[in-house]
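Enquirer: Please work out how this folds:
(2 chains)
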Amino acid sequence: MVKSESELTWKDLEIGSVVVEPGSASQYETGGWRSQRPSFDNSKCIKCGICYIFCPDACIEQNTEGYFEANLFYCKGCGICARECWTQAITMIEEEE
Amino acid sequence: MAKRVGMEVSLAVAEVAKLANVDVVAAYPITPQTHIVEHLAELVANGELDAAYIPVESEHSAMSACLGASAVGARTFTATAGQGLELMHEVLYVASSMRLPMVMTVANRALSSPLSVWGDHSDVMAVRDTGWIQIFAENGQQVIDNVLCAFCIAEDQRVLLPVMVHLDGFHLTHMIEPILLPEQSEVDRFIPPYHHPFPLDPDKPVTMGTFAPPIIYSEAKKAQEVNLRAAKKVILEYWDKFGKSFGRYYHPVECYLSEEAKVLLLTMGSFSETAMAAVDKMREEGKDVGLVRLRLWRPFPFEEIRQAVKNAEVLIVLDRALSFGGPAGPVCSEIRSALYNEDRKPKVISFVGGLGGRDITVTGFEKIINRGIEISQTGSEQEFEMFGVRE
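Expert: Modelled structure (predicted):
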């Protein structure tokens, strides 16, 4: 996308608001919906990957050390990862204003 | 050369859709539109029309199937009426917003309850703001002429919008009229081939009907509004081209003996022909009356209306629909809005009549005009009057 959504004028839109660029949903920052974010305590993490499997947004990624991190651009803060984590290595903490 | 044939108007509509070589028809039968889609089903089943006929379980599905057909670039046709149009309602907005051209004939019908299968404009008024181009016809010839024009208008690259052609239920759909059906070669010359710039194509994927957060929705709506207004120019072009090709000319506002008349009546749809006879009769009696007929309902022809009525003292508008608890009949409200800021404008009087198939005769129109003149002088306690209701 040449312009961001906030810069697009009505004249910039394609006919019928068709989006011609494939995969453009990846540019949508759903992280803006979040009121809590997951905090990972790697000392408790057994690298089982259950958080990775359960994340409904597929926003959890494994880093080079084998630990897991949430991509906060997409993470909506639903808390499913914290609920499912067997060792309670993930806690949800409030996003500050 | 076209042949003049005696034919039921509904069957003529199906024949002209065939002449337009439609690719897809998705429809659900409903009175008084049934004969149109029945005859199309026959034409497809008999192998006379090479099209996909999709029988669906409801009008909601009919319109949804039409969206898909139009999106792959197929020439798409459907027809409905009354309750069926209401059941399509939410999908109608999607068709116009996604800029998917198609043609739909609407056999205008009253809405329940009480159940009425007969004609009025209640169904049209409920879909006024759906973003479709909407054209009214007054007789069978005008219906089929405008169905032909509707394909050209809808599919033009500058427009790409769905078009409704309105014909009054029973008063038009079930009439046998002398109709000039054009030759296939004439139709082929008149309607250009259709190419949507963004058809659904697995080799060139696009996202249609996408999600719009608050930061972009208003821009999408502004684009749609500008496009619908700009379509008027293209509609005029095709009406002019049609006139040059077939000798019958159409205008957004049709004037009949209205130029210098002090009192004007305004009608829409099939009642206009009866209103003409009433105007003729009153003219013979030396009364200074004329008739204005609204053909293009959307986009609304503001300039043409202002021009057509500016010299009149009284403008009497007959609506065939009620706006319950509102200021007037829906057409009259729009006419008043169009004139409100003008320096020179007639007094606008609102009548509602012809509901649920009730006829208004020549004498009836004379009464409406005379009562309208009376109200313009004495005023009325009511916002509008219902004509012909037994007290």
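
Enquirer: which bits of chain A sit near chain B?
Expert: Contacts of chain A with chain B, taken as Cβ under 8 Å from any Cβ of the partner chain, map to A:5-6, A:8-20, A:22, A:24, A:28. (Each C-beta comes from the backbone N, C-alpha and C, glycine too.)

Enquirer: Could you tell me which of those count as buried?
Expert: Neighbour-count burial (16 or more other Cβ atoms under 10 Å in any protein chain shown) is assigned, among the residues of chain A next to chain B, to A:8, A:10, A:13, A:16-19.

Enquirer: residue ranges of the helices in the chain, please?
Expert: Defaulting to chain A. Counting by DSSP state H, chain A has these helices, from start to end: A:50-54, A:80-84.

Enquirer: not quite, I wanted chain B
Expert: Applying DSSP H to chain B gives helices spanning B:9-19, B:34-45, B:59-71, B:82-87, B:89-97, B:122-126, B:140-155, B:184-190, B:214-246, B:271-284, B:302-309, B:330-339, B:362-378.

Enquirer: As TSV, those helices with distance to B:Phe384 and mean pLDDT would be great.
Expert: Below are the helices of chain B laid out as TSV (distance: least, Cβ to Cβ, whole Å; pLDDT from 0 to 100):
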stretch	distance to B:Phe384	mean pLDDT
helix B:9-19	30	98
helix B:34-45	33	98
helix B:59-71	31	97
helix B:82-87	23	98
helix B:89-97	25	98
helix B:122-126	14	98
helix B:140-155	27	98
helix B:184-190	41	97
helix B:214-246	28	97
helix B:271-284	17	97
helix B:302-309	18	98
helix B:330-339	7	97
helix B:362-378	10	97
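
Enquirer: For chain A, find the nearest of the ones you listed.
Expert: With Cβ to the nearest Cβ, the closest approach to chain A among the helices of chain B belongs to helix B:214-246: 4.1 Å.

Enquirer: So what angle separates the directions of that closest one and helix B:89-97?
Expert: 80 degrees (axes from the mean of the first three to the mean of the last three Cα atoms, to 10 degrees).

Enquirer: Give the buried residues for helix B:214-246.
Expert: For helix B:214-246, the neighbour count (16+ other Cβ under 10 Å) marks B:216, B:219-220, B:223-224, B:227-228, B:231-232, B:234-236, B:238-239, B:242, B:246 as buried.

Enquirer: Check these one by one and keep those near chain A.
Expert: Restricting the buried residues of helix B:214-246 to contacts with chain A (Cβ under 8 Å from any Cβ) yields B:216, B:219-220, B:223.

Enquirer: which one among those gets closest to B:Lys310?
Expert: The closest of those to B:Lys310 turns out to be B:Ala223 (Cβ to Cβ; 32.6 Å).

Enquirer: list the contacts for B:Lys232?
Expert: Shown in contact with B:Lys232 (Cβ atoms under 8 Å, 6 or more residues apart in numbering or on different chains): B:252, B:296, B:299, B:301.

Enquirer: so which of the residues you listed is the most crowded?
Expert: The member of the contacts of B:Lys232 that has the most neighbours, counting by other Cβ atoms under 10 Å in any protein chain shown, is B:Leu296 with 23 neighbours.

Enquirer: hang on, that one packs against B:Ile135?
Expert: Yes. Counting by Cβ atoms under 8 Å, B:Leu296 touches B:Ile135, with 6.1 Å between them.

Enquirer: Next, show the common contact partners of the two.
Expert: Common neighbours of B:Leu296 and B:Ile135, using Cβ under 8 Å, 6+ apart, are B:Ile235.

Enquirer: looking at the chain, which residue lies furthest from center?
Expert: By default, I'm working from chain A. Largest separation from the mean C-alpha position in chain A: A:Lys11, at 31.4 Å (Cα atoms, centre = their mean).

Enquirer: tell me the contacts of the closest residue in space to that one that isn't next to it in sequence?
Expert: Distance criterion Cβ to Cβ, 6 or more residues apart in numbering or on different chains; nearest residue to A:Lys11, sequence neighbours excluded, is B:Ala223 at 7.4 Å. Contacts for B:Ala223 were tallied using Cβ under 8 Å, 6+ apart; they are A:10-11, A:13, A:17.

Enquirer: burial measure for the residue in chain B positioned nearest to chain A, as a count.
Expert: Closest approach between chain B and chain A, counting by Cβ to the nearest Cβ: B:Arg99, at 3.5 Å. Residues lying near B:Arg99 (other Cβ under 10 Å) number 25.

Enquirer: Leaving out sequence neighbours, find the closest residue to it.
Expert: A:Gly16 (3.5 Å).

Enquirer: The one you found and B:Pro214, how far apart?
Expert: Per Cβ to Cβ, to the nearest Å, A:Gly16 is found 19 Å from B:Pro214.

Enquirer: what do you get for B:Leu167?
Expert: Separation of B:Leu167 from B:Pro214 (Cβ to Cβ) stands at 40 Å.

Enquirer: Which residues are in contact with the closest residue to chain B within chain A?
Expert: Nearest residue of chain A to chain B (Cβ to the nearest Cβ) works out as A:Gly16 at 3.5 Å. Counting by Cβ under 8 Å, 6+ apart, A:Gly16 touches B:97-100, B:160, B:198, B:208.

Enquirer: closest to B:Ile176 among these?
Expert: Nearest to B:Ile176 among the contacts of A:Gly16 is B:Leu100, at 34.0 Å by Cβ to Cβ.
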